[in-house]
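>>> Predicted structure and sequence below. I'll ask about it afterward.
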2 protein chains.
Amino acid sequence: MARLIAERSDVLPVLGEVFREHGYEGASLSVISKATGLGKGSLYHFFPGGKEDMAASVLDEIDAWFECHVFAPLRDSAEPSSGIGAMFEAVAAYFAQGRRVCLVGAFALADTRDRFAGQVRGYFARWTDALSDALLRAGHTAPVAQALAEDTVSGIQGALVLGRAMQDPDVFMRTLVRLHERMAP
Amino acid sequence: MARLIAERSDVLPVLGEVFREHGYEGASLSVISKATGLGKGSLYHFFPGGKEDMAASVLDEIDAWFECHVFAPLRDSAEPSSGIGAMFEAVAAYFAQGRRVCLVGAFALADTRDRFAGQVRGYFARWTDALSDALLRAGHTAPVAQALAEDTVSGIQGALVLGRAMQDPDVFMRTLVRLHERMAP
DNA sequence: GTCTATAGAGTGATAGAC
DNA sequence: GTCTATCACTCTATAGAC
């Protein structure tokens, strides 16, 4: 019954949802095993480092997705405003209009921060840097671009927290619109 | 050896720090027992409902602190701007200038959201309502007051996430200053 | 004797590693 | 699937205050 269904890359999105729903500690191997349909043996074959390996791989995958759909457009768009527009669209889609939580943000708040400090920090550092760069090219001064970038990235995270807390995804989309409007030069 | 040291109310702040540091799932009874210096017997005497009871009591205590130092001043200050000023001061102190995380926000992002949904939601609902009320009395229109209140509360949460992620507490204080400035009528 | 606060051995269940 | 460690929790025992 070998090599029929799964590849490591097929498992990562499922793993991501499990960690999002249950958190790192709450995602037990039995929950993971059930969600992925893989036995513990297969899981340890794909992720020799166990649960920590799984979470780190999920963070890597998230980072790659944002690099491709958010950070790169911010840096590389000829027209910075279109890169910024792409960012807001990608973010709205990725977080399912506020119904989905940011795993990196959740890891930052929990004790998982220390365990995955480098990946957590890198994700947010690259995001704010890329956005600040785009805002600079859009005509803002360096300190304004820096402040706006910080406010926007943290505003997105805060809206995800508040939306989840209030059980109202609209909070997220409303906030996204206002954050975008504040960037008008 | 009875009735010498501890009262329930003495234990709550310690419990709060334990949950902040380790999260709900990560705060095992042995960690809690060690941190509080209380055996399981005492813990279950004070909190018959076990760990869930402990966390709910901590949330209640946090709520009471904010009610006293944040929500009430927002609602009751003769001069709304002084209530708002008091809020920013209390928030900076409570979150230790960004070195301390918001337990309610962390619970909102994790699977604990469902378990403590009412308390999590109530905390944020009362905060945004009280702030919106103060902003209204400060001269903003109702929709602007509502939007500003939402942006401010979520901005505070986001700054805590970003600051923790970047391991840079200054992010929080910078953001607090900017959030305050945006409220100028 | 009764009540409250305490400690901690002992429970079955379940965790993650392999 | 097997392993050991640890989980949340229960229960018994006991100290002192009334």
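Sure thing, it's come through. Residues are numbered from 1 along each chain as shown, chains lettered A, B, ... in the order given.
>>> any idea of the mean pLDDT in the longest helix anywhere in chain A?
The helix that spans the most residues within chain A, counting by DSSP state H, is helix A:142-166. Mean pLDDT, computed over helix A:142-166, is 98.
>>> Against which helices or strands is it packed?
Packed against helix A:142-166, as judged by 3 or more CB pairs under 8 Å, 6 or more residues apart in numbering or on different chains; DSSP states H and E, are the following elements: helix A:103-109, helix A:117-137, helix A:170-181, helix B:103-109, helix B:117-137, helix B:142-166, helix B:170-181. From N, CA and C alone the C-beta is placed, and that goes for glycine too.
>>> Give the buried residues for that helix.
Applying a neighbour-count criterion of 16 or more other CB atoms under 10 Å in any protein chain shown, the buried positions in helix A:142-166 are A:145-166.
>>> What of stretch A:61-77?
Buried, per 16+ other CB under 10 Å, within stretch A:61-77: A:62-63, A:66, A:69-71, A:73-75, A:77.
>>> from the middle of its chain, how far away would that stretch be?
11 Å (CA atoms, centre = their mean, to the nearest Å).
>>> Could you check the pLDDT of the residue of chain A found nearest DNA strand C?
Closest contact between chain A and DNA strand C, by CB to the nearest atom of the strand, is at A:Gly50 (2.6 Å). Looking at A:Gly50, its pLDDT stands at 95.
>>> Check whether it really touches A:Ala56, as I assumed.
No: applying CB atoms under 8 Å, one finds A:Gly50 not in contact with A:Ala56, separated by 10.4 Å.
>>> what about these two, which has more around it?
A:Ala56 (16 against 12; other CB atoms under 10 Å in any protein chain shown).
>>> Would the host helix or strand of that one count as contacting DNA strand D?
Using DSSP states H and E, A:Ala56 falls within helix A:50-66. No: counting by CB under 7 Å from any atom of the strand, DNA strand D has no neighbours in helix A:50-66; the shortest distance is 11.0 Å.
>>> by how many degrees do that helix and helix A:117-137 diverge?
Counting by axes from the mean of the first three to the mean of the last three CA atoms, to 10 degrees, helix A:50-66 lies at 10 degrees to helix A:117-137.
>>> And the contacts of helix A:50-66?
A:8, A:12-13, A:15-16, A:19, A:24, A:27, A:29, A:32, A:43-44, A:47, A:49, A:94, A:103-104, A:107, A:112, A:115-116, A:119-120, A:122-123, A:126-127 (CB atoms under 8 Å, 6 or more residues apart in numbering or on different chains).
>>> Endpoint to endpoint, stretch A:88-102 covers what distance?
15 Å (CA to CA, to the nearest Å).
>>> and whichever residue of chain A sits closest to DNA strand D, what is it in contact with?
When scored by CB to the nearest atom of the strand, chain A has A:Lys40 as its residue closest to DNA strand D, at 3.1 Å. Contact partners of A:Lys40, counting by CB under 8 Å, 6+ apart, are A:29, A:33.
>>> any idea how far it is from A:Phe46?
Here A:Lys40 is placed at a distance of 11 Å from A:Phe46 (CB to CB, to the nearest Å).
>>> Ok, A:Ala64 next?
17 Å.
>>> So A:His140, which state does it fall into?
Following DSSP: H, G, I helix; E, B strand; the rest coil, A:His140 is assigned to coil.
>>> I'd guessed it sits against A:Ala147; true?
No: if you go by CB under 8 Å, A:His140 and A:Ala147 don't touch, sitting 9.1 Å apart.
>>> need the residues of chain A near DNA strand D, please.
So far as CB under 7 Å from any atom of the strand goes, chain A lies against DNA strand D at A:39-41.
>>> Of the residues you listed, which is the nearest to B:Val177?
A:Lys40 (50.3 Å; CB to CB).
>>> And the pLDDT for the closest one?
Model confidence at A:Lys40 (pLDDT) stands at 92.
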